[in-house]
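>>> Sequence plus the predicted model coming up.
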Amino acid sequence: MTEDILNQLAVEDTLSEDFEQLSLNALAGTAHGDALQLRSRVANKVMLVLVDSGSSHSFVSSSFLNTVGIQSVDAPPKKVKMANGQMLLSNKVVPHMKWWCQGQTLTADMRVLDLGACDAILGYDWLKTRSPMLCQWDKKTIEFQENGHTVTLQGIQSVPQTISGISAASLVKSCQGNDIWAFAVISADTSSSVPPPAIATLLQEYADVFAKPTTLPPSRVYDHTIPLLPNTTPVNA
């Protein structure tokens, strides 16, 4: 074994048996069930926060931190148990992380984790410090005391999905604010396989990129590799 692997195994051996945990909502994603999520902002970027009493601690996505340029700091390694039994390792933390939500500036100590369903999770550790808390789950609101005044936060409501036009300026602003994560071209004419003129021009301009491959890729030093995250504990030893 290499010295890096031995060091990593030594860190794993020093972990205590107590662990933090994520709920099924945090694992499945905020689009499932009646989970309460808040639309917040950090550094003018949208941060979707899942309010989840089933998660023992508060977490923030490592990819979101990279997006907004926030640096985490080293922390004692902790095991995080997923609802499906999988164990993850968190060894970074953002102390007193601040975010803006509906006119309020809120803070929390957040463990760094690779979250896929949301940008951050407010867990039991954050919720209990705001007790007593009034939760109206049918209306998706929470109410609590913060610095001597009452704070009421409205969760994202499920609304019928509609399509409406926006200006080019609004589109650029949404892209810069992390509101848009994908683009799709939709055509109402299903009788023709010919793409719209704008798409046809794009396909023609970059024909070498969109050309159907007829041969195998050129030989490389490594024909196939699996990139590993830096400082990752080996999955098996």
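The structure has been received and is ready for your questions. Residues are numbered from 1 along each chain as shown.
>>> Need the pLDDT of Asp189.
Per-residue confidence for Asp189 comes out at a pLDDT of 65.
>>> ditto for Glu20
We note a pLDDT of 64 for Glu20 in this prediction.
>>> and if you look at Ser63?
According to the predicted model, the pLDDT of Ser63 comes to 89.
>>> I'd say it and Asp114 touch.
Yes: assessed by CB atoms under 8 Å, Ser63 is found in contact with Asp114 at 7.4 Å. (C-beta placed from N, C-alpha, C; glycine too.)
>>> so which helix or strand takes in Leu203?
helix 197-205 (DSSP states H and E).
>>> I meant to write Arg111 there.
Here Arg111 is covered by strand 104-113, with elements defined by DSSP H and E.
>>> could you give the mean pLDDT of that strand?
Throughout strand 104-113, pLDDT has a mean value of 90.
>>> buried stuff in it?
Neighbour-count burial for strand 104-113, counted by 16 or more other CB atoms under 10 Å, picks out 106, 108, 110-113.
>>> Residue ranges of each domain in this structure, please.
3-154, 168-210 (automatic domain parsing).
>>> thinking again about what came up before, make JSON lines out of the buried residues of strand 104-113 and add distance to Val42.
Compiled in JSON lines, the buried residues of strand 104-113 are given as follows (distance: CB to CB, whole Å):
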{"residue": "Leu106", "distance to Val42": "11"}
{"residue": "Ala108", "distance to Val42": "12"}
{"residue": "Met110", "distance to Val42": "11"}
{"residue": "Arg111", "distance to Val42": "16"}
{"residue": "Val112", "distance to Val42": "14"}
{"residue": "Leu113", "distance to Val42": "16"}
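>>> Which one of those residues is nearest to Ser167?
The shortest gap between Ser167 and any of the buried residues of strand 104-113 belongs to Leu106, at 31.8 Å (CB to CB).
>>> my guess is the closest one meets Glu146, correct?
Yes: using CB under 8 Å, Leu106 makes contact with Glu146 at a distance of 7.3 Å.
>>> which residue ranges form the strands in this structure?
If you assign secondary structure with DSSP state E, the strands in the chain sit at 20-21, 36-42, 45-51, 59-61, 73-81, 87-101, 104-113, 120-122, 134-136, 141-146, 149-154.
>>> Against which helices or strands is the fourth one packed?
So the one you mean is strand 59-61. With contacts defined as 3 or more CB pairs under 8 Å, 6 or more residues apart in numbering; DSSP states H and E, strand 59-61 has these neighbours: strand 87-101, strand 104-113, strand 120-122.
>>> Make CSV from the ones you listed and add distance to Gln204 to it.
As requested, the helices and strands packed on strand 59-61 are arranged in CSV below (distance: least, CB to CB, whole Å):
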stretch, distance to Gln204
strand 87-101, 45
strand 104-113, 44
strand 120-122, 43
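>>> Relative to Ser55, which of the ones you listed is closest?
Between Ser55 and the helices and strands packed on strand 59-61, the shortest gap by CB to CB is with strand 120-122, which sits at 5.2 Å.
>>> Good, we can wrap up now.
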